[in-house]
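In: no sequence on this one, just coordinates:
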């Protein structure tokens, strides 16, 4: 792959992963299941295979910082998809959900899925910060290569 098409592939990998993560996490109904986990792992593999940060020049530190934040945010979404099922299992189904279900006021699966939402926000924020900092240390803070002689 030449340098001219490399940036396009990098952006396509991030955009497609973020779009799939947003759709899955926001439109999925009920409890998270193994399919959310499988989709998250698949998207993580897609990012690992296709996303390669491109080298930047000396004067575009701000653009590299924004790229690190974007990578962290998308990586956090994908991490949230991977961990949604385990987090929901750890949180369990609250007693309130059982009471509302018994009273016919709530679907048990929907209520249990909603119980995991606050925890998934913490997962996203933590993963986004860790991955953004990793990207920053790897690409932004690294000195730009010296220009080759002409």
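Out: Okay, I see it. Just so it is clear, the structure is predicted and the values come from calculations on it, not from any experiment.
In: state the distance from residue 69 to residue 129.
Out: 10 Å (Cβ to Cβ, to the nearest Å). To be clear about C-beta, it is placed using only N, CA and C from the backbone, and glycine gets the same treatment.
In: and these two? which has more neighbours close in?
Out: residue 69 (17 against 14; other Cβ atoms under 10 Å).
In: which stretches in the protein count as helices?
Out: With DSSP state H as the criterion, the chain has helices at 3-27, 34-50, 61-91, 95-102, 108-135.
In: can I get those helices in JSON lines including mean pLDDT?
Out: Below are the helices of the chain laid out as JSON lines (pLDDT from 0 to 100):
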{"stretch": "helix 3-27", "mean pLDDT": "67"}
{"stretch": "helix 34-50", "mean pLDDT": "83"}
{"stretch": "helix 61-91", "mean pLDDT": "85"}
{"stretch": "helix 95-102", "mean pLDDT": "81"}
{"stretch": "helix 108-135", "mean pLDDT": "85"}
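In: tell me which of the ones you listed sits most buried.
Out: Among these, helix 61-91 has the highest mean neighbour count (mean count of other Cβ atoms under 10 Å), at a mean of 19.
In: please name every helix or strand in contact with that one.
Out: Judged by 3 or more Cβ pairs under 8 Å, 6 or more residues apart in numbering; DSSP states H and E, helix 61-91 is in contact with helix 3-27, helix 34-50, helix 108-135.
In: which one of those helices lies nearest to residue 102?
Out: helix 108-135 (9.3 Å; Cβ to Cβ).
In: how far off centre is the closest one?
Out: 9 Å (Cα atoms, centre = their mean, to the nearest Å).
In: 288 is where my numbering starts, stick with that
Out: I'll keep to 288 as the first residue from here, and by that count the last item is helix 395-422.
In: between helix 382-389 and that helix, find me the angle.
Out: 140 degrees (axes from the mean of the first three to the mean of the last three Cα atoms, to 10 degrees).
In: which helices and strands does helix 395-422 pack with?
Out: If contacts are counted by 3+ Cβ pairs under 8 Å, 6+ apart, helix 395-422 sits against helix 348-378, helix 382-389.
In: any idea of the angle it forms with helix 348-378?
Out: Relative orientation of helix 395-422 versus helix 348-378 (the same axes, to 10 degrees): 150 degrees.
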